[in-house]
Structure formats: structure tokens, C-alpha cells
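Enquirer: sequence-free structure coming up:
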């Protein structure tokens, strides 16, 4: 959160709604009130959603092709 907060002054498109709205949205998506088990389930669900997702596959292809990363 601190890193994103520091970047808010750079006028990036992701901050077009304003710093407060962006930070509130990020905070909500990260679910800071979850306990340990609920947090683990939340993260595992995010991983499950990304597996075999077309966006994930294409991003991996881009990373491999253009950056030599995989």
C-alpha cells in the first residue's frame, strides 16, 4: 500500500479517479480484515482463477518472447 501511495503523484492512468479512490479500491481488493485461514483461501482462489486463464497465458508468452522470462 505504501508503494502504491507513493506512486500516486506520478499521474499514471491507474490513478485517474484520484488518489483516495484508488487507494480505497486497492485496500478493498486486498481484504486486509481477513484472518490467516481466510487469507490463505482468498490467495489460493486468486491462483486458481489465474490458472489456464487466457490473460495469464498471453502475459507469460509475452514475458518469454520479449523478456526471456518464464
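Expert: Nice, thanks for sending it over. It should be emphasised that the depicted structure is a prediction, and the values quoted were computed from it without experimental measurement. Residues are numbered from 1 along each chain as shown.
Enquirer: Below-threshold pLDDT in the chain: ranges please.
Expert: Applying pLDDT under 70 to the chain flags the ranges 70.
Enquirer: number of nearby residues for residue 32?
Expert: When neighbours are counted by other Cβ atoms under 10 Å, residue 32 registers 9. For every residue, glycine as well, the C-beta is placed using N, CA and C.
Enquirer: and residue 33, helix, strand or coil?
Expert: coil (DSSP: H, G, I helix; E, B strand; the rest coil).
Enquirer: Kindly report the same for residue 43.
Expert: Here residue 43 is recorded as helix under three-state DSSP.
Enquirer: What separation do you get for it and residue 49?
Expert: 11 Å (Cβ to Cβ, to the nearest Å).
Enquirer: Residue 9 too?
Expert: Distance from residue 9 to residue 49, by Cβ to Cβ: 32 Å.
Enquirer: cool, and residue 69?
Expert: Distance, residue 69 to residue 49, using Cβ to Cβ: 22 Å.
Enquirer: Next, the contact list for residue 3, please.
Expert: Contacts for residue 3 (Cβ atoms under 8 Å, 6 or more residues apart in numbering) come out as none.
Enquirer: Name the nearest residue to residue 8, ignoring sequence neighbours.
Expert: What sits nearest to residue 8 in space, not counting adjacent residues and going by Cβ to Cβ, 6 or more residues apart in numbering, is residue 19, at 4.1 Å.
Enquirer: Count the residues that sit near the one you found.
Expert: Neighbour count for residue 19, taken as other Cβ under 10 Å: 13.
Enquirer: What of residue 11?
Expert: Quick note: residue 11 (other Cβ under 10 Å) scores 8 neighbours.
Enquirer: Next, residue 29: secondary structure please.
Expert: helix.
Enquirer: give me the number of residues near it?
Expert: 8.
Enquirer: Check residue 42 too.
Expert: 13.
Enquirer: Compute the distance between it and residue 35, please.
Expert: According to Cβ to Cβ, residue 42 and residue 35 sit 10 Å apart.
Enquirer: Done for today, thanks.
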